[in-house]
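A.B. asks: whatever this is, show me its structure:
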Amino acid sequence: MFWAVLMARVLLGGMFLLAGVNALLPTPFFDIPPPPTDAAKAHLKLLAVDSHYLKAVKVLEVAGGLLVLSGRLVPLGLVILAPIAVNVLFHEIFLVGQAGPGLALVVLCVALIWAYRSHFAGLFAFKPRIG
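C.D. replies: Predicted coordinates for the structure are as follows:
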């Protein structure tokens, strides 16, 4: 089980770290292919305006990826990365029309959340205590 969790951490953290660093660099080290549909192009064009929204998301990807890769604060890294992975999957399904790497990201997030489920137990408390 340890090796499976380690491999999932390396894959998930590595994918987010590479994608985040690649987008933040002035000259990316690999090119991202253009979206195949007009809806996906319009969506990414809206996000890429001067609001710096995508840069903030990429900084969160790098931070979450580093947390997951380091093995320290993995649950915090998953809290940061899981919503981003779901948004990537929704973008692929609803705007592109087919699942891509987002499906792998979500599966890895779910697997790691299951592996670290004891750290998320408090989220599912029916009668949470204050303090």
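
A.B. asks: and stretch 61-75, average pLDDT?
C.D. replies: Averaging pLDDT along stretch 61-75 yields 96.

A.B. asks: what residues does that stretch touch?
C.D. replies: 9-10, 12-17, 19-21, 24, 76-78, 80-81, 84, 112, 116, 119-120 (CB atoms under 8 Å, 6 or more residues apart in numbering). Bear in mind the C-beta positions are built from the backbone N, C-alpha and C, glycine included.

A.B. asks: then it to CSV, C-alphas only?
C.D. replies: Taking Å, rounded to 0.1, in the frame of the first residue of the first chain, the C-alpha atoms of stretch 61-75 are listed here in CSV:
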residue,chain,number,x,y,z
GLU,A,61,-1.0,24.1,-8.5
VAL,A,62,2.7,24.5,-7.8
ALA,A,63,2.1,24.9,-4.0
GLY,A,64,-0.3,21.9,-3.9
GLY,A,65,2.0,19.8,-6.0
LEU,A,66,5.0,20.5,-3.8
LEU,A,67,2.9,19.7,-0.7
VAL,A,68,1.8,16.3,-2.2
LEU,A,69,5.3,15.5,-3.5
SER,A,70,7.0,16.4,-0.2
GLY,A,71,4.9,14.0,1.8
ARG,A,72,4.4,16.7,4.4
LEU,A,73,0.9,18.2,4.7
VAL,A,74,-0.4,15.9,2.0
PRO,A,75,-4.1,16.4,3.1
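
A.B. asks: for that stretch, buried residues please.
C.D. replies: 61, 62, 63, 64, 65, 66, 67, 68, 69, 74, 75 (16 or more other CB atoms under 10 Å).

A.B. asks: pull out the buried members of the contacts of stretch 61-75.
C.D. replies: Buried among the contacts of stretch 61-75 by 16+ other CB under 10 Å: 9, 12-13, 15-17, 19-20, 77-78, 80-81, 84, 112.

A.B. asks: now the lengthiest helix in the chain: average pLDDT?
C.D. replies: Secondary structure of the chain per DSSP state H: the longest helix is helix 2-24. For helix 2-24, the mean pLDDT works out to 95.
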